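Enquirer: need a 3D model of the sequence below.
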Amino acid sequence: MKPDKYNHIDDNELLRQFYEYKDNKWLGILLQRYTLLLLGVCMKYLKNEEEAKDSVQQVFLKSITELHKYKVDYFKSWLYMVAKNHCLMKLRDKGKQPVEINEYIQASADEREEKINYAEKDIALTQMETALHQLNAEQQQCVTLFYLHKKSYHQITEQTGYTLLQVKSNIQNGKRNLKIMLQRLQQHEQ
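Expert: Down below sits the predicted model:
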């Protein structure tokens, strides 16, 4: 299979083919497209070429498993977050935090605690973004408008054309689904 043969097919179409036919060939083409991106992400966090290469393979395997379970709409951003989370968890397991070592050593106890909290929040936000992209379009739109853009129910009904009941339902169901997806993501990271 020559990857250049598929250059004209965009990510969304390859992902659609993968979900429709359950054929890993399409996923293989997608993953091959982003090998360098993944290597770059892993190098950024792990700062070791061999560990980074091993991590890319682990992210590939995790992606294959996860994509058979969940529907992903934005493959590149989802894959980036999987790689980033993988590296952050790897660093955490080693007892290292994803901050520059010199900064960490020079930091006071309060500053170290603050940096640890920042890293944990970064992981949580990344997981939240991954989960948000997995909601259906209506829930994703209503949750984003309500929580991130601070729109009122009325403003959301005007902007989307949904009824007030639909908006409330999409927010409530979206919030519940986000919670479930976040719990799953956290279980898979352990």
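Enquirer: Q17 reaches D23, doesn't it?
Expert: Yes: here Q17 lies in contact with D23, judged by CB atoms under 8 Å, at a distance of 7.1 Å. Just so you know, the C-beta spots here come from the backbone N, C-alpha and C atoms, and that holds for glycine as well.
Enquirer: all helices for this protein, in order.
Expert: Counting by DSSP state H, the chain forms helices over residues 11-21, 24-33, 35-46, 49-69, 75-93, 101-106, 109-133, 137-143, 153-160, 164-189, given from the N-terminal end onward.
Enquirer: any chance of those in CSV, plus mean pLDDT and mean neighbour count?
Expert: Shown next, in CSV, are those (pLDDT from 0 to 100; neighbours: other CB atoms under 10 Å):
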stretch, mean pLDDT, mean neighbour count
helix 11-21, 89, 15
helix 24-33, 88, 17
helix 35-46, 87, 18
helix 49-69, 89, 16
helix 75-93, 86, 19
helix 101-106, 45, 10
helix 109-133, 68, 15
helix 137-143, 91, 19
helix 153-160, 94, 15
helix 164-189, 86, 15
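Enquirer: for K5, which of those helices is the nearest?
Expert: Proximity to K5, assessed across the helices of the chain by CB to CB, is greatest for helix 24-33 (8.9 Å).
Enquirer: next, the angle helix 11-21 makes with the closest one.
Expert: When axes from the mean of the first three to the mean of the last three CA atoms, to 10 degrees is applied, the directions of helix 24-33 and helix 11-21 differ by 150 degrees.
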